[in-house]
Each structure stands twice: as structure tokens, then as C-alpha cells.
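Engineer: Build me a model:
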Amino acid sequence: MPLEAQEYVVNKKSALDWIIERYCVKVDKDTGNVNDCNDYADSIHQPNYIFNLVLRIITVSLETMKIVKALPPLEIHPLDLKEHDVAE
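Structural biologist: The predicted structure is shown next:
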């Protein structure tokens with residue numbers, strides 16, 4: 001996996017970390033219900049669903065970072081700065 005894929009961040013986590021956190025098997029301690037994303041993959045008859053999802057997340061992350069890095073620097077007009085943002 002390219003390390004650059006970790007640069008795309010959503011809510012202070014890389015998109016890959018975010019999706020892996022949500023797709024781990026979890027057991028509700030109150031009910032004992034198991035939340036297993038592999039059950040969904042089985043129900044749609046796509047055993048490679050999670051693998052393909054990770055590949056798509058990597059692609060989106062890499063392509064998004066290419067776009068972001070190609071953007072010009074953000075220029076903020078001095079009148080748009082708050083008083084405490086102005087360098088002395």
C-alpha cells in the first residue's frame with residue numbers, strides 16, 4: 001500500500017484508518033450481538049467486498065491528494081484576517 005494513501009485525512013484520521021476502524025468485528029457488550037462486516041459481504045455474494053473497498057479507498061485517497069497538492073496556495077486578503085491572526 002502506498003504511504004501517500006495515509007495523507008488523505010477525514011476527521012483527524014486517514015480514510016483508510018477510518019474505514020478499517022468501522023469495519024472491524026464488534027460485539028455489543030449489552031446484547032452480545034455481533035457486528036461483522038463479512039456478513040454483509042456474504043449476503044451480497046461478494047466475498048472480496050472488503051478487499052475491493054480498501055482498494056477503492058486507496059485510489060480515492062491517492063487521487064484526492066494529487067488534486068490537493070496541485071492546488072495553488074491559499075491567499076487570504078489582509079482584510080479577511082482577524083486581528084489576532086495578523087503577524088506583528
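Engineer: and the gap between the residue positioned nearest the centre of the chain and Ile44?
Structural biologist: In the chain, the residue lying closest to the centroid (C-alpha atoms, centre = their mean) is Ala15, at 1.4 Å. Separation of Ala15 from Ile44 (C-beta to C-beta, to the nearest Å): 22 Å. Using the backbone N, CA and C atoms, a C-beta is placed for each residue, glycine as well.
Engineer: What of Leu3?
Structural biologist: Taken as C-beta to C-beta, the span from Leu3 to Ile44 is 31 Å.
Engineer: quick one, what contacts the residue nearest to the centre of the chain?
Structural biologist: By C-beta atoms under 8 Å, 6 or more residues apart in numbering, the residues touching Ala15 are 5, 8-9, 57, 60-61.
Engineer: mind running it again at 6 Å?
Structural biologist: Shown in contact with Ala15 (C-beta atoms under 6 Å, 6 or more residues apart in numbering): 8, 57, 61.
Engineer: On the pLDDT front, check it for me.
Structural biologist: Note for Ala15: predicted pLDDT of 92.
Engineer: Doesn't Gly38 belong to a helix?
Structural biologist: One thing to correct before we go on: residue 38 is Asn, not Gly. Yes - the assignment for Asn38 (DSSP: H, G, I helix; E, B strand; the rest coil) places it in a helix.
Engineer: hang on, the earlier thing: going by distance to Val25, which of the contacts of Ala15 wins?
Structural biologist: Ile57 (18.6 Å; C-beta to C-beta).
Engineer: okay but that closest one is in contact with Ile19, surely?
Structural biologist: Yes - between Ile57 and Ile19 there is a contact at 5.4 Å, judged by C-beta atoms under 6 Å.
Engineer: mind listing what's buried in stretch 63-73?
Structural biologist: Along stretch 63-73, these residues count as buried under the neighbour rule (16 or more other C-beta atoms under 10 Å): Met65.
Engineer: quick one: the residue nearest to the centre of the chain from Ala70, how far?
Structural biologist: In terms of C-beta to C-beta, Ala15 sits 19 Å off from Ala70.
Engineer: same question, Ile50
Structural biologist: Counting by C-beta to C-beta - Ile50 and Ala70 are separated by 31 Å.
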